[in-house]
Structures are given as C-alpha cells and as structure tokens.
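Novice: coords please:
(2 chains)
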Amino acid sequence: MQREVGTLPLAPALRARLAAAGFQTAQELLDTGPGGLSKEIGISREEALEALRVVRQECHGDAARTAGGSGTTRKCTALELLEEEQTQGFIITFCSALDSILGGGVQLTKITEICGAPGVGKTQLCMQLAVDVQIPECFGGVAGEAVFIDTEGSFMVDRVVDIAAACVQHCHLIAEAQQEEEHRKALETFSLENILSHIYYFRCRDYTELLAQVYLLPEFLSEHSKVRLVVIDGIAFPFRHDFEDLSLRTRLLNGLAQQLIIIANDHKSAVVLTNQMTTRIGQSQSTLVPALGESWGHAATVRLIFHWDNSQRLATLYKSPSQKESTIPYHITCHGFRDVQPPAVSHSTAGTELNPRKRPRTEEEKQ
Amino acid sequence: MVVLRAGLCPGLTEDMIQLLRANGIRTVVDFVSSDLEDVAQKCSLSYKALVAVRRVLLAQFSAFPANGADLYEELKSSTAILPTGSPSLDQLLDSGLYTGEVTELMGAPGSGKTQVCLGIAASVSLGLKQHVVFLDSTGGFTASRLYQILRAQTEDEEEQASPGETEAVVCVQLEALQRIQVVRVFNIYELLRAVQELRDHLSQQVVSSVGPLKMVVLDSVSAVVYPLLGGRQSEGLALMMQLSRELKTLAREFSLAVVVTNQVTRDSSTGPLKPALGRSWSFVPSTRVLLESKEATWDKATTQRVASLAKSPRQPTGIQVELDIG
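Specialist: Numbering: from 1, shown residues only, chains lettered A, B, ... in the order given. Okay, here's the model as predicted:
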C-alpha cells in the first residue's frame, strides 16, 4: 500500500519526526520494523510498536474486515441504497401535512433540524417524536426507543404523559377498527409505562457536558440497540451564551455535526436538533434567520423552520435532499402535535384546544 | 525525501549505506546534492561507483520535462468533456466538466449543491454509461431522489414506451443506479483512506467494482476539513493539502473529473459570502461555481437557482445562468 505517512492518523509530533527522518510511505514504516523505527526517530520501543499497530490497521485492515464493521469504508452502490431506503420506516409526527412535506415523516439516518422563535412548538414536536418512535410496526411506526438530551430544561414529563396517552388511545381505536391479531399483541406492550421507560433522558448544563454526552453516545447506543431517535433539545443554548471565541465555536459545532452524522448512519437512527432564531440586520430590513451562523446550516440534512403568521403556526421545509420547499400550517392541542382542522370546525374550538400551559397568542397581546 | 536503503538501486550496498550514514548522508536528496569527490574521500568509496549510483537515483526520482506539443497531443487524446445533464450549466462550464481537473461547487445551505451533484452523477451514469464514485461526507445522499432524477432524465423514453418496453427502460435506470458507487466517509482519515483505495484499484486496474470510472464527486469537502482548521491545531492545513494533492493526482493520472462541494461563510453577519476553507484551498480547484437561490429569504419557496462562475481557466468570470433543481 503506498499510503503516504502524512495521511495516517498518528500524533502530529510523531508525524513530523517521521517526515524529518525521510519516511514517505506506510510500506517503508512497516518494512523498518519497531526496533529500527525507534532507533531512527528516537522514540521508545513501545511507542514505535503502537505507531506500527495503527499503520497496520489502516493499511491491511480492508482485506480482513467484513462489510459493516465500524472502521470500514461504507461502500455500496446506489441501487443497494435505494432498496435500503425503500424498506426504511419513517417516524410519523401525527400531523399528516407535516409528514407529507417531509416525504413520510422524520427520516432515519439523517439529521433533522427544527428552528423557530420561542413558544412556537419545537419542544412539543420533539416530545411527540419521542413517543411516536415507539409505535409498533403494525401501526406504521418503527418500534424503536428514544434518547432525549435536554440542555434547556424544557422537558415536562406530565406533557409527555398526555401525548403518550393520546397516542395509545389512537392505536387502540385503530386496533378496534381493524380487529387483527398482531395489533392486539402489539398493544399489550404499548402502554404508558412502557413508553415512558423507553425514553432515555439526559440533562446537559453546558457545552462541555453536551460534547461529552455526544462523545459517549455511540457506546450507549451499542448497548441499547433499539434506539431509533436521538433528540437534542436546544443545541443553540449552550453555544450561544458565554462563548467568547467564535472560531472555536464553529470548529466545535462542525465536529459535533460530524459525530452526529456518524451516529445517525451507524445506528440507523434519526437525529433531531432544535435551534433558536436570531436577527440578521441588513441594509434596509432585518430578517429572522436560524442561529449559530452560516456554517452550522450545512450540518443538518433536513431543515424545518417554524414561524407564526398572525395566530397560525406554520412549518416551512427549508432544506431537504429529496423534497421540495413548502409551507404547511399545524396545531398544538392537548393531545400533542396535530393537523389544523378544516376551517368550519376550527374557528370555535381554536381557543379551547390550545395547550393550557402555553400562553395563547391573541390579537390583544400582539399589540 | 526518500531514505537511502540497500536495494534502492543496483550498486547501493548495505556497507555503502552505513558508511554514508556515518558521514551524515541519509536520504536521496542529501546524496545527490553532495560533492561526490568529497564523499569518496571521506567514506573511502570508489568515485566511479558513486557517480553510477547517482545517475540511477536521478533517473528514478527526478521529474522529466515534457515537450509542450507532446503535452497538448496527450491532453487532446485523454481529456473528455462530461455533460452535466443541465444545458445551462454546461454552457457555464464551457460545454461540461473537463476530466483531469477539479471543479468546485459552492453555496449556502439549501442552495442546491447536493442536487446538482446528483444530477451530474445521473447524467454521467445514464448518458455516458460510465461509473461514478460518490464520496458522501454529509449524509445528504438520498437514493430515492437520485432515482427520481434518473426517471426525469429518461422521461421521454418512458412516455413513448409500450408495456414491454417500459421494463427495458426501468432496467436501464436500475443499471445506471448500479454504476454509481456511494462511499460514506465522515472524517478526514476515512476520506483519505477511501481516495487511496480508489487509487490502488485504478492503478491495478481491478475492474470488479469500479469499472470504467470517469467521475468522482465529493460532497462536501468542508464538512470533513472544517473541524481541523484554526485554533492551535497545526496539522489541519497539512491534511487539507494532502487531500488536495490526492484529488489532483487522481484527476490527472486517471483522467477523471473530480467535483467537490464547499460551503460559504461570511466575515461578519453582514459581510459578503465567500467560499470556506480559506486561501490555501482556493488554489486547488481550477473552476469554481457559486450557487445561489433567487429569493433572498426563506419564506418564499422556489426551485430556481442562479449559478455564477467565480473562477475558470477558460471562460470570463462573472457569467451567470439560471438552473432549475426541481
């Protein structure tokens, strides 16, 4: 293998010494052996052995590794990927308009970002997804578990109880209508306690804790292989306050994005992030844009922006690799995230249906 | 800087190397640039032997100048121009993507870089029946969207086909999908390893998986390089340059077209957009195309994009065309 020494994942100081000693390719390193190497560069024999082990792993591993190992290059043809995608499920959101603009729901193996002003419903959607990911397969779900990483402290368990109860009720209604054996069996395990016990909750208070948590997540996910959703509620919050060095922030965020993509890909789960909005002041006007800067926009594969239009909540699909941009209205009821009812019904019920815990947006308040 | 080793060339024995090393000559460069008479005296080696060794080493390790006319003939016969599947983009790129060069697509998030890459991959695989390697570092590759694009490109044939022929059309589309190989690389070392493996396959001419390869798409290079640059990390720039050298060698040696996508950043929140990865990277691609959305804000949905030429060896910069990525 004519792999250049500069491209091997060794420590920079070691790489510099190897270059100064005149080594160019990995093959030369392997030929020299640990004894010769430690003499030439002036490192201890253990360090030389360690370095050669890394080099050997990089160069010779491909023949020995089978497809699917965590270190291999993940290669496949587009046809195989198409077949995989067609059999993959989506995580539904219970709002059919939102599901249709997303192409079926929140996609597994991709990072979805939800941006919005405060109070528009980002955490509500996250909690809804944490419940929906557990819907059994016979009802159209992916039967997975959820990891909820909370940085803002906005996770309310009693609200999740409401949403889960409504979801179980919904499934019961379907089972009664369809009267199939597998539905009944699935409903035995799909209960409130079960749903709540399969949401793994982590609380991170600042960015170091968040980075550490994401770093440790792959191990956690390999132990709990049924996890199909990772929610990070409030990725902007720890990075926006108290950060002086902006270029460090960009670097950390980019590294975080790459780690999350690896997690999404290797464990076949969906990663959902929520972001805040900030104002960009232009020459003549100011616009509301997602926070964390220009480069963070590239991290998420799918980007949803939630905003208000008078008192109606709207969701816009802003960035997606497979769907067109579009906007739909949605509603947050006491049962969770739902479609907007057709106009004839909704006028009278709109006021009472809103979540009693959220202050309703009325005309008087806006003035 | 290659270390002198026994067997590097006939006449270079182990004893010779020990003697040379004792006098501070360790690499080929040291040997070739030293005064041989001096060396012969200090190491008590034969002057003739040293001159013979030097001649062989020079022949092995130095680059040879080529005649301009020969170079032109060679380029004419080995360069191909690949159509991108979009006539306006072809017009911008002076009739298409040139093999042997690195072309860069840059744009803000949601500007359509991945879509254009998918379109180009579909066009090369379907139209030219050549293999494409797609290196995906962002997780944005969606096979169902690629299939949609392929179907759009074979739309006319599908409409005119009778039931028996529709199967043949679908078969053609599935074959086109099989010619596109997707490799997922999420950090710089994986990327370097993938490029290295590709180079090995091509140089050994292993036909199995890669086939007659004409294009390599890397989406996106900034996702893997960004975390390495800046701060007190010293090796980020070196790794980026290693990567650029690998990509350029790949393009030049095997006559491939390499397409790379890049992000854009701003200096401040109101400054103009500029390509990411800095000045050093700006010398790597020979052609740079900026993709922008026609509307400035996100609340108006549109599939229209504007592509402008930011850097090109053949066309005047500043040309703009409109693209539809729908």
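Novice: from B:Val3, how far out is B:Ser62?
Specialist: From B:Ser62 across to B:Val3, the span is 17 Å (CB to CB, to the nearest Å). Yep, even glycine has a C-beta here, placed from its N, CA and C like the rest.
Novice: may I have the residues that are in contact with the residue nearest to the spatial centre of chain A?
Specialist: Closest residue to the average C-alpha location of chain A: A:Val271 at 1.5 Å, with CA atoms, centre = their mean. Listed by CB atoms under 8 Å, 6 or more residues apart in numbering or on different chains, the contact set of A:Val271 reads A:110-112, A:229-232, A:260-261, A:263-264.
Novice: and of these, the nearest to chain B?
Specialist: Nearest to chain B among these is A:Ile261, at 4.6 Å by CB to the nearest CB.
Novice: and the host helix or strand of B:Arg54, is it in reach of chain A?
Specialist: Assessed by DSSP states H and E, B:Arg54 sits inside helix B:47-61. No. Using CB under 8 Å from any CB of the partner chain, helix B:47-61 never reaches chain A; the gap is at least 10.9 Å.
Novice: how about low-confidence regions in the stretch 51-200 of chain A?
Specialist: Applying pLDDT under 70 to the stretch 51-200 of chain A picks out residues A:60-73.
Novice: where along it do the strands fall?
Specialist: Applying DSSP state E, counting those that start in this stretch to the stretch 51-200 of chain A gives strands spanning A:74-77, A:90-91, A:106-107, A:111-116, A:145-150, A:199-203.
Novice: run through who's touching the third one.
Specialist: Think strand A:106-107. Here strand A:106-107 makes contact (CB under 8 Å, 6+ apart) with A:88, A:90-91, A:93, A:112, A:129, A:229, A:270, A:272, A:302.
Novice: which strands border it, and is each parallel or antiparallel?
Specialist: strand A:90-91 (antiparallel) (DSSP bridges).
Novice: just name whatever secondary elements the helix holding B:Arg54 is in contact with.
Specialist: Here helix B:47-61 touches helix B:28-33, helix B:36-43, going by 3 or more CB pairs under 8 Å, 6 or more residues apart in numbering or on different chains; DSSP states H and E.
Novice: near chain B too, which of the contacts of A:Val271?
Specialist: Filtering the contacts of A:Val271 for proximity to chain B by CB under 8 Å from any CB leaves A:110-111, A:261, A:264.
Novice: got a PyMOL select line for the buried ones in these?
Specialist: Buried residues among the ones next to chain B among the contacts of A:Val271 (16 or more other CB atoms under 10 Å in any protein chain shown), as a PyMOL selection:
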select buried, chain A and resi 110+111+261+264
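Novice: in helices, which of the ones next to chain B among the contacts of A:Val271 fall?
Specialist: A:261, A:264 (DSSP state H).
Novice: go through the ones next to chain B among the contacts of A:Val271 and name the one nearest B:Asp15.
Specialist: Distance to B:Asp15 across those (CB to CB) is lowest for A:Ile261, with 55.0 Å.
Novice: which residues touch that closest one?
Specialist: By CB under 8 Å, 6+ apart, the residues touching A:Ile261 are A:111, A:271, B:138-139, B:186.
Novice: so for it, what's the pLDDT?
Specialist: Per-residue pLDDT puts A:Ile261 at 90.
Novice: please report the distance of the residue of chain A most remote from its centre from A:Ala26.
Specialist: Taking CA atoms, centre = their mean, the residue of chain A most remote from its mean C-alpha position is A:Lys39, at 47.8 Å. Distance from A:Lys39 to A:Ala26, counting by CB to CB: 19 Å.
Novice: and stretch B:38-53, how far out from the chain's middle?
Specialist: 44 Å (CA atoms, centre = their mean, to the nearest Å).
Novice: about what we covered before: show me which of the contacts of strand A:106-107 are buried.
Specialist: Those of the contacts of strand A:106-107 that meet the buried threshold are A:90-91, A:93, A:112, A:129, A:229, A:270, A:272, A:302, by 16+ other CB under 10 Å.
Novice: can you classify the residue in the stretch 101-250 of chain A that chain B sits nearest to by secondary structure?
Specialist: Using CB to the nearest CB, the single residue of the stretch 101-250 of chain A nearest to chain B is A:Ser247, 5.1 Å away. Here A:Ser247 is helix, with the state taken from DSSP: H, G, I helix; E, B strand; the rest coil.
Novice: over to B:Leu105?
Specialist: strand.
Novice: mind listing the residues bridging to it?
Specialist: B:Thr261, B:Val289.
Novice: and it, how far from chain A?
Specialist: The gap separating B:Leu105 from chain A is 13 Å, by CB to the nearest CB, to the nearest Å.
Novice: before we move on, what about B:Ser222?
Specialist: 7 Å.
Novice: so that residue lies in a helix, does it not?
Specialist: Yes. B:Ser222: assigned to a helix according to three-state DSSP.
Novice: of all the strands of the stretch 51-200 of chain A, which one is nearest B:Cys171?
Specialist: Among the strands of the stretch 51-200 of chain A, strand A:74-77 comes nearest to B:Cys171, with 15.2 Å by CB to CB.
Novice: tell me which other helices or strands the closest one touches.
Specialist: For strand A:74-77, the elements it packs on are strand B:180-184, judged by 3+ CB pairs under 8 Å, 6+ apart.
Novice: how about a cut-off of 10 Å?
Specialist: The contact analysis (3 or more CB pairs under 10 Å, 6 or more residues apart in numbering or on different chains; DSSP states H and E) places strand A:74-77 against helix A:78-87, strand B:131-136, strand B:180-184, helix B:188-204.
Novice: is the second one up against chain A anywhere?
Specialist: Pointing back at strand B:131-136 there. Yes. Counting by CB under 10 Å from any CB of the partner chain, chain A is contacted by strand B:131-136 at B:131-136.
Novice: how many other residues sit next to the closest residue to B:Leu19 other than its chain neighbours?
Specialist: Computed as CB to CB, 6 or more residues apart in numbering or on different chains, the closest residue to B:Leu19 that is not its neighbour in sequence is B:Cys43, at 4.2 Å. B:Cys43 has 18 neighbours, counted by other CB atoms under 10 Å in any protein chain shown.
Novice: related to what we said a few turns ago, from the buried ones among the contacts of strand A:106-107, which two are the most distant?
Specialist: A:Leu229 and A:Val302 (14.0 Å).
Novice: quick check: residues of the stretch 51-200 of chain A near chain B?
Specialist: Residues of the stretch 51-200 of chain A lying near chain B by CB under 10 Å from any CB: A:58-59, A:61-62, A:71-86, A:88, A:103, A:107, A:109-111, A:113, A:115.
Novice: pop out the phi and psi values for the residue in the stretch 51-200 of chain B that chain A sits nearest to.
Specialist: Closest to chain A within the stretch 51-200 of chain B is B:Pro109: 3.3 Å, counting by CB to the nearest CB. Note on B:Pro109: backbone dihedrals following degrees, to the nearest 10 are phi -60, psi 140.
Novice: how close does the closest residue to it other than its chain neighbours sit to A:Glu84?
Specialist: Once flanking residues are discounted, B:Pro109 sits nearest to A:Gly297: 3.3 Å by CB to CB, 6+ apart. Separation of A:Gly297 from A:Glu84 (CB to CB): 27 Å.
Novice: perfect, that will be all.
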